[in-house]
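# Pasting a predicted model and its sequence here:
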Amino acid sequence: MDLETFKKQYIREELGISEEYGTIFSFIDFGNVNNWFRDDRHNSDDTLLGKNERLAIDLEKLKTFLSVFSSDIRFYYGHEPTNQGSMSFLYKTKAVYGKARTFTKPIQWVRHHVTDEEAQTNSRSLFADNDGLYVRLPKCNFDVELSVDAVKLIEKYDTFCLLSSDADFAYLNTHIRSKGKKVILVKGGHVTHQLKQSADLRINAQVIKKHITRVMQKPGG
């Protein structure tokens, strides 16, 4: 057995992904995944991060990790056409995952009005209209797109692997299992009981942090 094969086997055993899971298709709800380590203060080796450092998802490392057990990897994420940084990230995503496996649409911005007290501690840009002060919150979920694709492709995989902590996917997972398929849920932080119960195997993001993250400087750091 060569070193690369041994490494893949070790990771699969570490996660509990046995051969019984068969052909696995992985679906990345990146808008959710991107926030998994937002509040972490320790690196994957448990060292304390610097004051101006943060953990971020590394696109290449995430793909390499998922390729250990996945036959197909699909990436879902919204973009902001007028934001150069957002578009650069989208181009990089397509370069890593391929144009045919990157699914995107423009982010919609929703007004969220805040009280005067909330405005004092708010870190977002403030705007005003006839109803008072508000912040603009991004909205761009892929529940429908990801779910439709998962159902359309159901005959091509034995196991549906979902990377998300979004409770709305519990119904999809339950449907997929009712069709005789298995479900692996890779999730970060607290998730609902319904989402937990909808999967055959649950993998906490903290367990795979060493495989999929990198240390970055905070903006202005």
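Structure received.
# Three-state assignment for Ile203, please.
On the three-state scheme (DSSP: H, G, I helix; E, B strand; the rest coil), Ile203 is labelled strand.
# Can you give me the domain assignment for this structure?
Domain ranges of the chain: 3-105+140-217, 108-139, per automatic domain parsing.
# Now mean neighbour count and mean pLDDT too, for the ones you listed, in a markdown table please.
Where you see a C-beta, it was placed from the backbone N, CA and C, and this is true even at glycine. Compiled in a markdown table, the domains of the chain are given as follows (neighbours: other C-beta atoms under 10 Å; pLDDT from 0 to 100):
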| stretch | mean neighbour count | mean pLDDT |
| --- | --- | --- |
| domain 3-105+140-217 | 16 | 94 |
| domain 108-139 | 11 | 78 |
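# I'd like to know how far Asp168 sits from Trp36.
Separation of Asp168 from Trp36 (C-beta to C-beta, to the nearest Å) stands at 17 Å.
# okay, how far is it across stretch 152-172, tip to tip?
Distance across stretch 152-172, first residue to last, is 12 Å (C-alpha to C-alpha, to the nearest Å).
# Contact partners for Thr192?
Remark: with contacts taken as C-beta atoms under 8 Å, 6 or more residues apart in numbering, Thr192 is in contact with 167, 170.
# go on, Val114?
Applying C-beta under 8 Å, 6+ apart to Val114 gives the contacts 122, 126, 132-135.
# farthest pair in the residues you listed?
By the measure C-beta to C-beta, Asn122 and Gly132 form the most distant pair in those, at 12.9 Å.
# Mind naming the longest strand for the chain?
Criterion DSSP state E: the longest strand present in the chain is strand 132-139.
# how far out from the middle of the chain is that one?
Distance, stretch centre to chain centre, for strand 132-139: 23 Å (C-alpha atoms, centre = their mean, to the nearest Å).
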